[in-house]
Structures are given as C-alpha cells and as structure tokens.
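> Fold the following for me, if possible:
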Amino acid sequence: GNVPFITGIAPAANGDVAVVAGDGWFAPAWLALLAGGDGHVVWERRLGNGKGVAIEPVEGHRFIVASFDSEGTGSTYNENVAVRAVSVDGQVGDPTIIRRSINKSSGAYYGGIKMAAASDGAYIVSSWEMSFLSDATRLQPAEISKVFADGKLLWSRTLPDSFVTSNDGSGATFCTNPAIATLPSGDGLVACALKGQIYLHRLSRDTGNDEQGKLPLPECNDAQHPVALFLFSRKDGTVLIGGSR
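Numbering: from 1, shown residues only. From the prediction side, this is the model:
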C-alpha cells in the first residue's frame, strides 16, 4: 500500500522533465522537476491526496497538473478534481476545482485522470469506477473538461453512456480507461469501450459541443472484459485507435 508509481511525465522547453506520481495510501501526490542532463531532482512538491494525478506541458513554460483533492472530514467529506498551473521554477498556482464530489468515501481509491495538452490549455477526463457497488446514486459518469494554460476552467461535459448498471442492480460496468487526444483542429477526442462498442466523442475546443459516434470492438475482444484504448492523432488529421484487454 505504500509503493510509489509514476503516472505522468511532461517535457519542459529547456530539456528538463516534470514527473508526477502517486505515493501510496493516504499520502499526497508527488511532483518533481528532473534535470534533463543527469536526472537530478531540481525541485519537488506535494499536492492533492495521492489517489490520482496527471500532468501536461502548456505554453508559457508551465505545466497543468490535475489531481484528486480532499475537502472536509467525516460526514462533510467530499473529493474534488482540481487543476493547478505549475511554473518550470516550481511555483504552484492555486487550485481550480473543475469537478465537485466525485467521491464521498474517504477510503475509496477508484479514480482515474487522463489528460491531453492543447495549444491553449489541456483536456482532462475524470472518472470514478465503483463497479462493485449496488447503490447507483453513488456511481459517477466520466466527464471531460477543457482548461486554459493558467488552469482556469473553460467548460465541462458529462460523457453520456459512460456506464451501464446491471439488470439486477448489483453493480455497474464502466467505459473503462477512457483515452483522450487533441486533434490538429484543436478539438478533443475521447474514446472508451463499453458493451462491445468503442464510443467516440469529438468535443469542440471552444464550446464543448459533443459529436458522437461508435465502432464495434474487434473479434479478439468481447463485452465481458475491460478494454484499455489508446489514441494516436496524426498531423494529417487521421487518428489511430489501439487497444488491449
């Protein structure tokens, strides 16, 4: 329960590398800048609650860091998705909450954060996969947000059909491991697998308007197993979708 694991790496313009990592149970996430030449730690910071963290480089010699942040204790406990702008010299900006109350159980670790850099900021997908719970009121759909380079929120959109509850009410199946990429136009693209289909969402960079489509999973997969997807956006506008059970 106390094994650190790297969840994101982002290059700086000067050749250094920023790294974020979870750091075990009930410990804040770790953020550090490593020198590109020999890898020594230039500076390190702590933020969030360690349940999930992601990073992307943005303009102005900055990074965007998204994390889960705890708010309150006991009956007032809420867990939010927060975004911070971090300068290359280690200055951490104030958090902007882009999603409130994604989790209300202090001991639960079922969150996921994915990010993709954009020319004017970043796209962030947040999810909380409590698939074994029967209380459907606590299930949370995936949500995508667009933030500016300073970490301020532009828009957020819930992804429809991101989970389906079982017929007997015993749990839910989620659109597992959503993948995200930025298209050459600047729009965001999200893909996730559910019910034997790959669901696609193209979101307008400025408004978040959602253009949806879907593809069948290939025969080597099935609807009973989780599928991890990967998006590769090319400069000519084509997109490759890879996946693995």
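
> mind listing what Ile98 touches?
By CB atoms under 8 Å, 6 or more residues apart in numbering, the residues touching Ile98 are 66, 81-83, 124, 126, 145, 147, 153, 156. C-betas here are computed from N, CA, C, even on glycine.

> ditto for Leu33
By CB under 8 Å, 6+ apart, the contact list for Leu33 reads 12, 16-19, 41-44, 88, 90.

> Which residue is the nearest non-sequential neighbour of it?
Distances taken as CB to CB, 6 or more residues apart in numbering place Val42 nearest to Leu33, at 4.3 Å, with adjacent residues excluded.

> From Ala32, how far out is that neighbour?
According to CB to CB, to the nearest Å, Val42 stands 8 Å off from Ala32.

> and if you look at Gly213?
39 Å.

> what does Ser87 give?
Distance of Ser87 to Ala32, given as CB to CB: 14 Å.

> So which of those two has more stuff around it?
A direct count of neighbours by other CB atoms under 10 Å for Ser87 and Ala32 places Ala32 higher, at 16 against 13.

> Report whether the expected contact of the more buried one with His40 is present.
No. Judged on CB atoms under 8 Å, Ala32 makes no contact with His40 at a distance of 10.2 Å.

> What is the distance between stretch 77-93 and the centre of its chain?
Relative to the centre of its chain, stretch 77-93 is centred 14 Å away, using CA atoms, centre = their mean, to the nearest Å.

> can you check stretch 8-17 too?
Per CA atoms, centre = their mean, the centroid offset for stretch 8-17 relative to its chain is 19 Å.

> Name the residues of that stretch that come out as buried.
The neighbour-count check on stretch 8-17 (16 or more other CB atoms under 10 Å) flags 8, 10, 12, 16-17 as buried.

> For this structure, give me the ranges with low pLDDT.
Scanning the chain with the threshold set as pLDDT under 70 gives 1-2, 24-25, 130-138, 167-171, 176, 222-223.

> Helices along the chain, start to end?
In the chain, no helices are defined using DSSP state H.

> Identify the residues contacting the residue nearest to Val58 when sequence neighbours are not counted.
In space, Val58 comes closest to Ala149 once its chain neighbours are excluded; the distance is 4.1 Å by CB to CB, 6+ apart. Counting by CB under 8 Å, 6+ apart, Ala149 touches 58-60, 62, 64, 85, 120-122.
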